[in-house]
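A.B. asks: the sequence and its predicted three-dimensional model are supplied below.
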Amino acid sequence: MRARKIKNGIEAICCVHWERRLFDSLIPLPDGTSYNAYLVHGSEATALVDAADPDLSDDLMGALAGIDKIDYLISQHSEQDHAGLIPAVLERFPAARLICSEKAHDMLTSHLQVDSGRIQVVADGEELSLGDKTLRFVYTPWVHWPETMCTFVPEDKCLFSCDFFGSHLAASDLFVTDQALVYEAAKRYYAEIMMPFRRVITKNMEKLDGLDFDMIAPSHGPVYDQPQFILDAYRDWISARMKNEVVLPYISMHGSTAKMAAYLTDALAARGVKVQLFDLAVTDIGKLAIALVDAATLIVGTPTVHVGPHPAVYYAAHLANMLKPKLKYAAIINSYGWSSKAIEQITDLIPHLKVNVLGTVLQKGLPDVETFAQLDALAATVADAHKKEPDVATD
Ligand code: FEO
């Protein structure tokens, strides 16, 4: 692992975690991830922006082996995948000051047991001179913790953004070389951890609009040397605009719910509504989260276990509620053996979704002609609602 130049006097140390497949014991990482730290060499002082995950200690500390002096270690975010190696870096460079936001001070002392005597808190907009380079700290709270900040180097038009604009993507490429690949990984990342904070991210984007940068260096995934691409993507994701799409997560025990979900998918498609169908028995929840970024409607399909929804549906409904996507509409389709309260229980699971419930279809046992007629009617109602909703693009 060696540092690589991204600008004159600025180097990236990309600790690439090729084999990692799960984050927070929750989030699937089909393409691995990376933890990027950045060396900023000024004429009078050197700073390291972020550290890395302790799992890749050898990578980060190996890249720093030839560095004589670090004056400032910048902690943009206190979560352990970036801050976990801060104690090791501070030990290796005993004169280094640890720079962080006001709210990060407590996190760094409690989560990492950093000596508070090493910490220097900076205010929003405060600058730190490295001689011929300046670090300007820009508070960007809730991407996705309350203490997060970006670091801007005006002389080099470089913005360090930590999680903000990041992508879980293991790559040997320093810069984005395949925009489609990075778009998918960045959208997955946004969906899983940024989407609940869409409104505050909008404010943070406005704040960044005032900065003149031509490079975004995140702490996950490749560096953006054409940052407009990811800025445009974020603007789209956080906007009110939705797609003429239904996300339909379902699970089936004996085939009835699966038949209903398949019929409804066909009925919606026939009316020009795109459907993303997820069998929760085999679904990558990251894919489900990505689909929720843009969709106008969520339709949940569940069989009945005892009298409630299948536990996998509980999980998916809770996840959707937690991620707070833009969704405007919802519906539930349910089959049961002898009794069901599944529809009421699912409705109770999604209080954060400000949706109009367009309908429910409840079926005892196998769907029949009457069930299919109800599903056709539901599909027509969804298509009609999408046409009337100004924020849904149906052309
Ligand atoms: Fe990449 Fe929130 O840590």
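C.D. replies: Everything's here; your move. Worth saying up front: this structure is predicted, and the values here are computed from it rather than measured.
A.B. asks: helices of the stretch 251-395 of the chain, start to end?
C.D. replies: 256-270, 285-294, 311-323, 342-349, 369-388 (DSSP state H, counting those that start in this stretch).
A.B. asks: how close does L135 get to C162?
C.D. replies: In this view, L135 and C162 are 14 Å apart by CB to CB, to the nearest Å. Every C-beta, even on glycine, is put in place using the N, C-alpha and C of the backbone.
A.B. asks: the more surrounded of these two?
C.D. replies: Neighbours of L135 and C162, each counted by other CB atoms under 10 Å, are more numerous for C162; the result is 27 against 23.
A.B. asks: excluding sequence neighbours, find me the nearest residue to that one.
C.D. replies: Q76 (4.0 Å; CB to CB, 6 or more residues apart in numbering).
A.B. asks: and of the helices of the stretch 251-395 of the chain, who's closest to S110?
C.D. replies: For S110, the closest of the helices of the stretch 251-395 of the chain is helix 311-323, at 24.4 Å, according to CB to CB.
A.B. asks: hey, C-alpha coordinates of that closest one in CSV?
C.D. replies: The C-alpha trace of helix 311-323 is given here as CSV (Å, rounded to 0.1, in the frame of the first residue of the first chain):
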residue,chain,number,x,y,z
PRO,A,311,-41.0,-12.0,9.8
ALA,A,312,-39.0,-11.2,6.7
VAL,A,313,-41.8,-8.7,5.8
TYR,A,314,-41.5,-7.2,9.2
TYR,A,315,-37.8,-6.7,8.6
ALA,A,316,-38.3,-5.2,5.1
ALA,A,317,-41.2,-2.9,6.3
HIS,A,318,-39.1,-1.7,9.2
LEU,A,319,-36.1,-1.1,6.9
ALA,A,320,-38.3,1.0,4.5
ASN,A,321,-39.7,2.9,7.5
MET,A,322,-36.2,3.6,8.8
LEU,A,323,-34.8,4.8,5.4
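A.B. asks: quick one: contacts of it?
C.D. replies: With CB atoms under 8 Å, 6 or more residues apart in numbering as the test, helix 311-323 has contacts from 191-192, 195-196, 249-251, 278, 280-281, 283, 285, 288-289, 292, 298, 300-302, 305, 308-309, 327, 342, 346, 349-353.
A.B. asks: try stretch 259-267
C.D. replies: By CB under 8 Å, 6+ apart, stretch 259-267 touches 248, 250, 252, 275, 277, 299, 301, 333, 335, 361, 363, 366-367, 371-372, 375-376, 378-380.
A.B. asks: just stretch 270-280 next, same as before
C.D. replies: Contacts with stretch 270-280, where a contact means CB under 8 Å, 6+ apart, come from 243-252, 258, 261-262, 264-265, 268-269, 287-288, 291, 295, 310, 312-313, 315-316, 379-380, 382-383, 386, 394.
A.B. asks: for the ligand, what's the nearest residue on the stretch 151-300 of the chain?
C.D. replies: D163 (4.4 Å; CB to the nearest ligand atom).
A.B. asks: K364: neighbouring residues, count only.
C.D. replies: 16.
A.B. asks: in space, what's closest to it - neighbours in sequence excluded?
C.D. replies: Y336 (6.0 Å).
A.B. asks: could you give the number of residues near the one you found?
C.D. replies: Residues near Y336, counting by other CB under 10 Å, number 21.
A.B. asks: now swap in Y234 and tell me
C.D. replies: Y234: 22 neighbours (other CB under 10 Å).
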